[in-house]
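**Q** pasting the structure only:
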């Protein structure tokens, strides 16, 4: 297993980060433990979760994923060997997350409450990385096609206020480092500015979607990662399973996420997506690879990526996913991907 420096900290994280969002919905606790044992046995030390998980989000299952991880760490006695990341929700209208309000916000009362609940479920007194799952301010991140739509909101909790809350929690020893998720270059740089000028916690990472179908991270954030030492933690490197090729031709495999949860993978069902996937699949096969292997190794081969978040619902998927990182990325693959990208640029942003 290869390791990377995390941001500008002294933390070393495995190039593979184990994603957990299916645990408690598509995966049982026994299956979660099996994945955890296998991944850590292969050298993975980085685990990513969230108060939101599992997905799709439901009141009946919320928090189960953290509980599974907490039970496993307690049973294995290995908390000190794990770099543990979790997240607090941004603004939403899901009232079951907070007993005292109908709207989740990134303010002092709610972040403090959310972290305490996560720590209880995880059976630990600190997390290594606490991430803002998405902003408090409204942004058109999940429904945009190509352009930017500005949304005014004078009620948004200011970034410096949120960082001030996190600063107190860092000082209390409940958080080691802070990060962003589903964020923009502007907000990332704004947070770094507040860290430099106000002494607030430095953002060490950004966790955004990044894959062969969505390379928007390269438009601004990749340079931030390089120049500012902010770790890139790509999620959805297989585009919600789309880059396995299993949905080509309108296929809907039994038990797949798209079959079980309908619109959950709408983000990857757009014009030209199937054509791009078919082209990438053909390229992979030309080089004796599966599309899964090529798609994962593409993400891992980017020089701005610190650790790629992978997820699986079966052990066979997890084993294939992890094996992909042992492959070599060649100039022929790079050129082939570039040709396809020129024809189908970001079909699923």
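**A** The structure has been received and is ready for your questions. Model, not experiment: these values are computed from the prediction. Residues are numbered from 1 along each chain as shown.

**Q** Give me the neighbour count for residue 111.
**A** 23 (other C-beta atoms under 10 Å). Where C-beta positions appear, they are placed from N, C-alpha and C, glycine not excepted.

**Q** What does the pLDDT read for it?
**A** We have a pLDDT of 98 for residue 111.

**Q** how about low-confidence regions in the stretch 151-300 of the chain?
**A** The stretch 151-300 of the chain contains residues with pLDDT under 70 at 264.

**Q** can you give me the helices for it?
**A** 159-171, 185-198, 221-228, 257-261, 273-286, 291-301 (DSSP state H, counting those that start in this stretch).

**Q** name the helices or strands packed onto the first one?
**A** Here helix 159-171 is seen to pack against helix 108-122, strand 127-132, strand 175-181, helix 185-198 when contacts are counted using 3 or more C-beta pairs under 8 Å, 6 or more residues apart in numbering; DSSP states H and E.

**Q** Now distance to residue 15 too, for the ones you listed, in a markdown table please.
**A** Formatted as a markdown table, the helices and strands packed on helix 159-171 follow (distance: least, C-beta to C-beta, whole Å):
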| stretch | distance to residue 15 |
| --- | --- |
| helix 108-122 | 23 |
| strand 127-132 | 16 |
| strand 175-181 | 17 |
| helix 185-198 | 22 |
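
**Q** who wins for proximity to residue 277 among these?
**A** Residue 277 sits nearest to strand 175-181 of all the helices and strands packed on helix 159-171, at 25.2 Å, using C-beta to C-beta.

**Q** elements contacting the closest one?
**A** Counting by 3+ C-beta pairs under 8 Å, 6+ apart, strand 175-181 packs on strand 127-132, helix 159-171, helix 185-198, strand 203-207.

**Q** any chance of those in JSON lines, plus distance to residue 20?
**A** JSON lines is the format used below for the helices and strands packed on strand 175-181 (distance: least, C-beta to C-beta, whole Å):
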{"stretch": "strand 127-132", "distance to residue 20": "13"}
{"stretch": "helix 159-171", "distance to residue 20": "22"}
{"stretch": "helix 185-198", "distance to residue 20": "24"}
{"stretch": "strand 203-207", "distance to residue 20": "13"}
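
**Q** From the ones you listed, pick the one with the highest average neighbour count.
**A** Using mean count of other C-beta atoms under 10 Å, the stretch among those with the largest mean neighbour count is strand 203-207, at a mean of 26.

**Q** which neighbours does that one have in its sheet, and in what orientation?
**A** strand 175-181 (parallel), strand 231-232 (parallel) (DSSP bridges).

**Q** do you know which of those strands lies nearest residue 302?
**A** Of all these, strand 231-232 sits nearest to residue 302, with 7.7 Å by C-beta to C-beta.

**Q** picking up where we left off before, of the helices and strands packed on strand 175-181, give the one that comes closest to residue 99.
**A** Of all the helices and strands packed on strand 175-181, helix 159-171 sits nearest to residue 99, with 18.9 Å by C-beta to C-beta.

**Q** From residue 182, how far off is the residue nearest the centre of the chain?
**A** Nearest to the mean C-alpha position of the chain, by C-alpha atoms, centre = their mean, lies residue 235 at 3.6 Å. With distances taken as C-beta to C-beta, to the nearest Å, residue 235 is found 9 Å from residue 182.

**Q** any common contacting residues for those two?
**A** Shared contacts of residue 235 and residue 182 (C-beta atoms under 8 Å, 6 or more residues apart in numbering): 207, 208, 209.

**Q** picking that back up, as JSON lines, the helices of the stretch 151-300 of the chain with distance to residue 48 would be great.
**A** Shown next, in JSON lines, are the helices of the stretch 151-300 of the chain (distance: least, C-beta to C-beta, whole Å):
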{"stretch": "helix 159-171", "distance to residue 48": "18"}
{"stretch": "helix 185-198", "distance to residue 48": "18"}
{"stretch": "helix 221-228", "distance to residue 48": "17"}
{"stretch": "helix 257-261", "distance to residue 48": "18"}
{"stretch": "helix 273-286", "distance to residue 48": "25"}
{"stretch": "helix 291-301", "distance to residue 48": "15"}
